[in-house]
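Colleague: dropping the sequence and predicted coords here.
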Amino acid sequence: MNGNNQTRKILLLSANPRGTGVLRLDEEKREIKEGLKRAKKREQYSIDSAEAVRYRDIHRAILEYEPQIIHFCGHGTGEDGLVFEDESGQIKLVDAEALAGLFQLFSDQVECVVLNACYSEYQALEISQYIDYVVGMSQAIGDKAAIEFAVGFYDALGAGQNYEFAYKLGCNLIGIAGIPEQHTPRFIARDSAKTPPENPAEAATIYIERQNIEEKCYQAILQPGALIRIKAAQKMGKTLLLEKLLGYSREQGYQTAKLDLKQADVNTLADLKTFLQWLCADVSDSLELEPELDKYWNDIYGLNKNCTRYFQKYLLPVNDKPLVFAIDNFERLFEYPNIFPQFCLLLRGWYESAKQGDRIGKIWQKLRLIVVHSTEAYPSLDTNHSPFNVGIAIDLPEFNLQQVQTIAKRYDNSQFGQECLNKLMELVGGHPYLIQEAISNLKTKQITLEQLLNLAPTEEGIFSNHLREQLWNLQHNPLLESAYKKVVTANEPVRLDTEIGFKLHSMGLVKLLGNDCVPSYDLYRQYFSERLV
């Protein structure tokens, strides 16, 4: 970046249209300017500003000021675009494709674009096709974090550092300020944007926003006594969404504790008392508190009452902030009838306690529950005792075409053309795991698309482990196996018993067309029509 001594022009664009949340844009711009005034190499930079920009003002400002660095501060909405105003003062969204097309025209001049706006990673990925260095935000970012990032980024440039170092310093300043958003900014170099993760397993860590769902979760977790139920079939992204929601909770200053029931060994699940005491100790450890079971656990009370007392008298009052308690892989308990019904009754009781208007109710309003479970199996419970019919239900859908395109761009902007993606989606729809597995293997193993499509429904194909897991589930339930055979061998939708159809749909194996069922994906039709006899 710093191979010559020409003055680099920075253009600060800001937009905060009427009807959107008020941002501290003036403070952000002031901090950038003040930092560069004090910089060692301040003579190498000049700053121009364009405020309250409308969508037509963007190209005009670039033409007028001829910047090498463009910094946008304002609102982003994810896939829908960045927020500007139109001529009438109404909100105008400018999407990623349109912005990328604009920056393509100025690619010989502009070196770096910083989109300091929520959910702007979508636009950053598109722009990185034409601009060497782009920064976007992978999720919502608060004013304080946005300002700290800008300060670090431009302080580093003013000291003569390159763009990547400036990005790292900006992230570091967010962390030093004690704001848990240092991983929100994402740096995309034009060449590295085409380089996939070296380890194919890293594909599973790519998070793609389902914006309406994230927003629904974020709003729900702010409500006193909230209960959020995240459910979907295996490998649909439930745990990744949970981690996003926990991160957002920490950004609000909330305490968080996560209990992963996959980590509960057989001894822990031996009986209800052992399980509940393990839960209390684990949450205490998450909150960096010493377990106080001896003090708050008294056998004169029942087991659920003891667990309730531990939360009510110890864990919840210890801090003024809400406690977000997440339970992942909740379906693990479905197999333990000596634990599951009573534990569900306990969670339902906590949820109902938060509705009370007394002192106890105020204590329980600090607890926000998140329950995450797979839908392959559904338990039978008294509806009055179940936490599965209260609170906010979040069903994770598969990815749409634009989200699949976003995944592809994380790996290679040129290889995955529209025809390739269409063929993949004809095979596996928008299934998050199957799509990412396909795109990752196409790049890292140098397998051709034709080979992938031909081998996909076989034991030699890249989906074989996933397919065998589903086959095992079917073979251990003869009614489901027989019904699914009818679905995958039929040439038209099949009407099944309501409960059977519901279970197959919950497993992700069928899609519903009215009251009838069809295979969810052509991959499943090909594989299971050969193996279900």
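Modeller: Here it is on my side, so go on.
Colleague: roughly how far does the closest residue to Leu12 other than its chain neighbours sit from Ala150?
Modeller: Spatial nearest neighbour of Leu12, excluding adjacent residues (CB to CB, 6 or more residues apart in numbering): Ser49 at 4.5 Å. The C-beta positions use only the backbone N, C-alpha and C, and glycine is treated the same way. Going from Ser49 to Ala150 by CB to CB, to the nearest Å gives 13 Å.
Colleague: looking at the two now, which is surrounded by more residues?
Modeller: Ala150 (23 against 16; other CB atoms under 10 Å).
Colleague: find the least confident helix or strand in this protein, judged by mean pLDDT.
Modeller: helix 25-37 (a mean of 72; mean pLDDT, DSSP states H and E).
Colleague: I'd like the next helix or strand past that helix.
Modeller: strand 45-50 (DSSP states H and E).
Colleague: and stretch 27-46, end to end?
Modeller: 18 Å (CA to CA, to the nearest Å).
Colleague: I meant to write stretch 225-236 there.
Modeller: In stretch 225-236, first residue to last residue: 27 Å (CA to CA).
Colleague: I'd like the average pLDDT over it.
Modeller: Averaging pLDDT along stretch 225-236 yields 90.
Colleague: pLDDT weak spots in the stretch 301-450 of the chain?
Modeller: For the stretch 301-450 of the chain, the stretches with pLDDT under 70 are 376-388, 412-415, 444-446.
Colleague: in it, which spans are strands?
Modeller: Per DSSP state E, counting those that start in this stretch, the stretch 301-450 of the chain carries strands over the ranges 323-328, 367-374, 392-395.
Colleague: could you dump these into a markdown table with mean neighbour count added?
Modeller: Shown next, in a markdown table, are those (neighbours: other CB atoms under 10 Å):
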| stretch | mean neighbour count |
| --- | --- |
| strand 323-328 | 23 |
| strand 367-374 | 23 |
| strand 392-395 | 15 |
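Colleague: among those, which is nearest Tyr301?
Modeller: Tyr301 lies closest to strand 367-374 among the strands of the stretch 301-450 of the chain, at 19.3 Å (CB to CB).
Colleague: quick one, the closest one and strand 323-328 angle?
Modeller: Strand 367-374 runs at 10 degrees relative to strand 323-328, counting by axes from the mean of the first three to the mean of the last three CA atoms, to 10 degrees.
Colleague: counting contacts, what elements does strand 367-374 pack onto?
Modeller: strand 227-232, helix 238-251, strand 323-328, helix 340-353 (3 or more CB pairs under 8 Å, 6 or more residues apart in numbering; DSSP states H and E).
Colleague: quick revisit: out of the strands of the stretch 301-450 of the chain, the one nearest Asn477 is which?
Modeller: Closest to Asn477 of these, according to CB to CB: strand 367-374, at 15.2 Å.
Colleague: residue contacts, Gln312?
Modeller: The contact partners of Gln312, by CB atoms under 8 Å, 6 or more residues apart in numbering, come to Ile360, Ile363, Trp364.
Colleague: in those residues, which residue is surrounded by the most others?
Modeller: Counting by other CB under 10 Å, top hit in the contacts of Gln312: Trp364 with 21 neighbours.
Colleague: what residues does it make contact with?
Modeller: Gly225, Gln312, Leu316, Trp350, Ser353, Ala354, Gln356 are the contacts of Trp364 under CB under 8 Å, 6+ apart.
Colleague: cutoff 10 Å now
Modeller: Neighbour list for Trp364: 224-225, 308, 311-312, 316, 349-356 [criterion: CB atoms under 10 Å, 6 or more residues apart in numbering].
Colleague: so which of those residues is the most crowded?
Modeller: Counting by other CB under 10 Å, top hit in the contacts of Trp364: Phe311 with 23 neighbours.
Colleague: surely it and Pro317 touch.
Modeller: Yes: counting by CB atoms under 10 Å, Phe311 does reach Pro317; the two are 9.4 Å apart.
Colleague: need the overlap of contacts for those two.
Modeller: Common contact partners of Phe311 and Pro317 (CB under 10 Å, 6+ apart): Ile363, Lys366.
Colleague: using the three-state scheme, assign the nearest residue to Tyr336 once chain neighbours are set aside.
Modeller: Leaving aside its sequence neighbours, Tyr336 sits nearest to Leu269 (CB to CB, 6+ apart; 5.4 Å). Three-state assignment for Leu269 (DSSP: H, G, I helix; E, B strand; the rest coil): coil.
Colleague: wait, Leu269 touches Pro337, no?
Modeller: No: shown here, Leu269 and Pro337 do not form a contact pair, counting by CB under 10 Å, at 11.3 Å.
Colleague: with neighbour numbers in mind, choose between those two.
Modeller: Leu269 (19 against 10).
Colleague: the more buried one: what's it in contact with?
Modeller: In this structure, Leu269 makes contact with Leu261, Phe275, Trp278, Arg332, Leu333, Glu335, Tyr336, Asn338, Ile339, Phe340, judged by CB under 10 Å, 6+ apart.
Colleague: model confidence for the residue nearest the centre of the chain, exactly?
Modeller: Taking CA atoms, centre = their mean, the centroid of the chain lies closest to Leu241, which sits 4.4 Å from it. With respect to pLDDT, Leu241 scores 91.
Colleague: without its sequence neighbours, what residue ends up closest to it?
Modeller: In space, Leu241 is closest to Ile230, 6.0 Å off (CB to CB, 6+ apart).
Colleague: residue contacts, the one you found?
Modeller: Listed by CB under 10 Å, 6+ apart, the contact partners of Ile230 are 213, 217, 236-239, 241-242, 245, 326, 328, 330, 370-373, 392-396.
Colleague: can you map out the helices along the stretch 151-300 of the chain?
Modeller: Secondary structure of the stretch 151-300 of the chain (DSSP state H, counting those that start in this stretch): helices at 163-176, 211-221, 238-251, 272-286, 293-296.
Colleague: His71 should be in a helix, yeah?
Modeller: No: His71: not assigned to a helix; according to three-state DSSP it is strand.
Colleague: thinking again about what came up before, wait, doesn't the residue nearest to Leu12 sit right on Leu11?
Modeller: Yes: with contact defined as CB under 10 Å, Ser49 reaches Leu11; the gap is 7.6 Å.
Colleague: overlap in contacts of those two?
Modeller: Shared contacts of Ser49 and Leu11 (CB under 10 Å, 6+ apart): Ala61, Tyr65, His71.
Colleague: quick one: which of those is most hemmed in?
Modeller: His71 (24 neighbours).
Colleague: just give the closest residue to that one, not the sequence neighbours.
Modeller: Residue nearest to His71 in three dimensions, not counting chain neighbours: Val114, with 4.5 Å by CB to CB, 6+ apart.
Colleague: checking the one you found next. Helix, strand or coil?
Modeller: The local conformation at Val114, judged by three-state DSSP, is strand.
Colleague: per-residue pLDDT, it?
Modeller: 93.
Colleague: any idea how far Val488 lies from Pro457?
Modeller: Distance of Val488 to Pro457, computed by CB to CB: 11 Å.
Colleague: cool, Lys511 as well?
Modeller: Taken as CB to CB, the span from Lys511 to Pro457 is 18 Å.
Colleague: with distance to Leu303 as added columns, please give the contacts of Leu269 in CSV.
Modeller: As requested, those are exported to CSV (distance: CB to CB, whole Å):
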residue, distance to Leu303
Leu261, 18
Phe275, 9
Trp278, 12
Arg332, 19
Leu333, 15
Glu335, 19
Tyr336, 14
Asn338, 11
Ile339, 10
Phe340, 14
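Colleague: just the buried members of these?
Modeller: Taking 16 or more other CB atoms under 10 Å as the criterion, what is buried in those is Leu261, Phe275, Trp278, Arg332, Leu333, Tyr336, Ile339, Phe340.
Colleague: for these, which two are the farthest from each other?
Modeller: Trp278 and Phe340 (15.1 Å).
Colleague: so how far is stretch 141-158 from its chain's centroid?
Modeller: Mean-position distance between stretch 141-158 and its chain equals 23 Å (CA atoms, centre = their mean, to the nearest Å).
Colleague: same for the stretch of helix or strand Ala483 belongs to, what does it pack against?
Modeller: Assessed by DSSP H and E, Ala483 sits inside helix 478-489. On a contact count with 3 or more CB pairs under 10 Å, 6 or more residues apart in numbering; DSSP states H and E, helix 478-489 meets helix 464-475, strand 494-495, helix 498-506, strand 510-513, strand 516-519, helix 522-531.
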